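**Q** below is the structure, and that's it, no one-letter string:
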């Protein structure tokens, strides 16, 4: 509640459809009212220029300034999004209409998407399973990289870097349009070193580990992304084909992966840019086809996609328990192919806009390596929905819809490749996963209302969502070194369901913009990893279980436009979660997000004849305050609160028909030492990164 009170206080002395605050940079987007009236949930759009101005290292970290959105980071190059405390397979990430499918169940798996190829991002807060199916129970991050060039030749070049991990990067795109045909190509290259934390040592299982130059050993990495798109745009028909490939290689913090530094002959302190064992590499290939036809009051869209995700983890071969020392360094390998097809139809009949869709997906995942955590599996799913949006008037809209889904999950059996002595004196290859086939069905619904009058917009939405248990939740049985625990699945899990109420109240005029978004979720059978007091192979055992969970919270933000140069903003988020049943009844959920507040100011300059309405430069300062988290699930430990000071600045220059955009983003200016309660590295006493300066210079022509 502290965050809400602080945000409201500044608003009273100082919207929903035009302001997005991204890490100390307030971006004025002036989105059209029809976008806000399109859905009854809280939704925010962010354009390319806003993403460039607020560059903070990764796409998810750039979006972290939106209330309710948070980046969960491991290492210096990987981060995953969460919305209102829900992430992983509770948050759907789509690119150009296709749900992105990698190995997103893993805590150390980032998004294999080129952030510099993104033209526009859309964040939908709250359950969106009606339109997007399973995995959208917590929200949706829609990414669009299908901008159609308007000139015969156009492009951009961007240079960027960060000081904390000595990141260096280059991104370039080129495209053109000739008649009704167009093309576009994009490439990005990034290289970074071990990142720095404001401490000289950490403690891991009672061992004090010294850090050289305050660097986390072996957290360096590199990334290479490329994509090409060709398409046709007619009067009524549009079609494009896009092929993208993303490759990354990154090290795991050596001191956290079995204490390799104490046992290994590798000189981890030889270079900050070395990628030694243990490390991972990931390659994601995506082939996507999008076609649409638009007639009088009728629009038909079809998407086809193939995704191939490969991921390998390599580490020094060591024996665990009865496992002998294996040959080779490949501990785990995952090879996943996903086939997706969906079609949507929109039909306008008077004041009704009918929307119907059907889609299917098939996943095929195979494992390899001497380590085990999840078995081979196949998942097939199909779903269909029908939705009606009724415009009672230009001010009032009602919407309602139904969706049915069916999914089939087949998990393969797996036995250890080595023998373990049994009680009768014989030796057996222990079965870690049994052969299993599960069928899941779900009927979901949603209803909402949008009302707008003058500067006021009010939204409300109520509905039911669902999520199919993923194969890891059903069949995991192994060590997850990167987050320091032993994980065990539960084959009896039921589909996760959620009943939710979301509301949004916004006011926007030339001086004041306010938005308040309260929400409530009730899960009859929330699935989560419950920590236990048991230890397996030296690591704490976490097992999947289900419990009734009640979650509610609120996000508030406001901006006061003092004059055309100065503006002040405040925003905050609060989340409460409580288990209403099960062995941890009365406790919250593990890694629950504490309340947070952000207060800042922005000065805009560079108004001129050619830019009478928009400035060409800005400087901003922001203080971020995060509360302590004492609501924990034993044996989890509390986390102290903290605050950081951040600054940003940018300037746009006109160079004939070209534009040069320069932006600087400074995080943790005072180099404060603090711990993020949602970070797994907190478990081994690793604080968050220290002072970090991000710089970007982009030329568009």
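**A** Yes, it's here. Everything quoted here is computed from the prediction, not taken from an experiment.

**Q** contacts and neighbour counts: CA atoms only from here.
**A** Will do.

**Q** so residue 282 sits against residue 313, correct?
**A** No - if you go by Cα atoms under 8 Å, residue 282 and residue 313 don't touch, sitting 9.0 Å apart.

**Q** sketch out the low-pLDDT regions of the stretch 251-400 of the chain for me.
**A** Applying pLDDT under 70 to the stretch 251-400 of the chain flags the ranges 257-262.

**Q** now the strands: where do they sit in it?
**A** Secondary structure of the stretch 251-400 of the chain by DSSP state E, counting those that start in this stretch: the strands cover 279-295, 298-314, 330-349, 352-368, 377-391, 396-411.

**Q** who are the contact partners of the residue nearest to residue 674 when sequence neighbours are not counted?
**A** Computed as Cα to Cα, 6 or more residues apart in numbering, the closest residue to residue 674 that is not its neighbour in sequence is residue 687, at 5.5 Å. For residue 687, the contact set (Cα atoms under 8 Å, 6 or more residues apart in numbering) comprises 197-199, 673-676, 681.

**Q** biggest separation within those, which pair?
**A** Using Cα to Cα, the two most remote members of these are 199 and 676, lying 14.9 Å apart.

**Q** who has more neighbours, the two?
**A** Neighbours were counted for residue 199 and for residue 676 using other Cα atoms under 10 Å; residue 676 has more, 23 against 20.

**Q** wait, what's in contact with that one?
**A** Contacts here follow Cα under 8 Å, 6+ apart; on that basis residue 676 touches 639, 682, 687-688.

**Q** would you mind giving the secondary structure of it?
**A** For residue 676, the assignment made with DSSP: H, G, I helix; E, B strand; the rest coil gives coil.

**Q** can you check residue 549 too?
**A** In terms of secondary structure, residue 549 is strand; the call rests on three-state DSSP.

**Q** distance of it relative to residue 468?
**A** Here residue 549 is placed at a distance of 17 Å from residue 468 (Cα to Cα, to the nearest Å).

**Q** do the same with residue 250
**A** Distance, residue 250 to residue 468, by Cα to Cα: 31 Å.

**Q** of those two, which one has the most company?
**A** The residue with the greater number of neighbours, taking residue 250 and residue 468 and applying other Cα under 10 Å, is residue 250; the counts read 29 against 26.

**Q** so what pLDDT did the residue lying closest to the more buried one once chain neighbours are set aside get?
**A** Excluding the flanking residues, the one nearest residue 250 by Cα to Cα, 6+ apart is residue 221, at 4.0 Å. The confidence metric pLDDT takes the value 94 at residue 221.

**Q** with residue 427 instead?
**A** As summarised for this prediction, residue 427 has a pLDDT of 87.

**Q** so it touches residue 416, yeah?
**A** No - taking contact to mean Cα under 8 Å, the distance of 11.6 Å between residue 427 and residue 416 leaves them out of contact.

**Q** more neighbours: which of the two?
**A** Looking at residue 427 and residue 416 with other Cα under 10 Å, you find the greater number of neighbours at residue 416, namely 16 against 12.

**Q** for residue 365, give me its contacts.
**A** For residue 365, the contacting residues are 334-337, 376-378, taking Cα under 8 Å, 6+ apart as the criterion.

**Q** bridged to the residue nearest to residue 250, which residues?
**A** When bridges are taken as DSSP bridges, the partners of residue 221 come out as residue 192, residue 250.

**Q** could you point out which of the strands of the stretch 251-400 of the chain sits nearest residue 124?
**A** Nearest to residue 124 among these is strand 396-411; the distance by Cα to Cα comes to 16.3 Å.

**Q** now the protein, which segments are flagged as low pLDDT?
**A** Low-confidence regions of the chain, defined here as pLDDT under 70, cover residues 1-39, 74-78, 106-108, 205, 257-262, 482, 608-613.

**Q** ok, the longest strand along it: who's next to it in the sheet?
**A** Longest strand in the chain, counting residues (DSSP state E): strand 512-536. Each strand pairing with strand 512-536, determined using DSSP bridges, is listed with its direction: strand 496-508 (antiparallel), strand 539-561 (antiparallel).

**Q** would you turn those into JSON lines with distance to residue 667 and mean neighbour count?
**A** Compiled in JSON lines, the strands paired with strand 512-536 are given as follows (distance: least, Cα to Cα, whole Å; neighbours: other Cα atoms under 10 Å):
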{"stretch": "strand 496-508", "distance to residue 667": "29", "mean neighbour count": "21"}
{"stretch": "strand 539-561", "distance to residue 667": "21", "mean neighbour count": "22"}
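
**Q** export these to a markdown table and tack on distance to residue 320?
**A** Output for these, formatted as a markdown table (distance: least, Cα to Cα, whole Å):
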| stretch | distance to residue 320 |
| --- | --- |
| strand 496-508 | 34 |
| strand 539-561 | 11 |
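
**Q** can you say which of these is nearest to residue 395?
**A** Using Cα to Cα as the criterion, the shortest distance between residue 395 and the strands paired with strand 512-536 is 14.2 Å, found for strand 496-508.

**Q** SS state for residue 418?
**A** Local secondary structure at residue 418 is given as coil here, using three-state DSSP.

**Q** list the contacts of it.
**A** Applying Cα under 8 Å, 6+ apart, we find residue 418 in contact with 322-324, 429.

**Q** farthest-separated two in these?
**A** Every pair in these was compared (Cα to Cα); the two farthest apart turn out to be 324 and 429, at 12.9 Å.

**Q** so what pairs up with the nearest residue to residue 448 once chain neighbours are set aside in the strands?
**A** Spatial nearest neighbour of residue 448, excluding adjacent residues (Cα to Cα, 6+ apart): residue 461 at 4.1 Å. Using DSSP bridges, the bridge partners assigned to residue 461 are residue 448, residue 502.

**Q** residue boundaries of the helices in the protein?
**A** With DSSP state H as the criterion, the chain has helices at 2-13, 33-38, 48-53, 59-63, 129-132, 260-263, 471-475.

**Q** distance of residue 100 relative to residue 338?
**A** In this structure, residue 100 and residue 338 are separated by 9 Å, where distance is defined by Cα to Cα.

**Q** before we move on, the earlier item: redo the strands of the stretch 251-400 of the chain as JSON lines? Include distance to residue 602.
**A** Putting the strands of the stretch 251-400 of the chain into JSON lines (distance: least, Cα to Cα, whole Å) gives the following:
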{"stretch": "strand 279-295", "distance to residue 602": "39"}
{"stretch": "strand 298-314", "distance to residue 602": "41"}
{"stretch": "strand 330-349", "distance to residue 602": "42"}
{"stretch": "strand 352-368", "distance to residue 602": "41"}
{"stretch": "strand 377-391", "distance to residue 602": "38"}
{"stretch": "strand 396-411", "distance to residue 602": "35"}
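
**Q** for those strands, which one sits closest to residue 594?
**A** For residue 594, the closest of these is strand 279-295, at 30.9 Å, according to Cα to Cα.

**Q** tell me which strands the closest one pairs with, and in which orientation.
**A** Neighbouring strands of strand 279-295 in its sheet, by DSSP bridges, are strand 237-251 (antiparallel), strand 298-314 (antiparallel).

**Q** ok so, going back, just give me the closest of the contacts of residue 676 to residue 91.
**A** Compare each of the contacts of residue 676 with residue 91 using Cα to Cα and the shortest gap goes to residue 682, at 23.1 Å.
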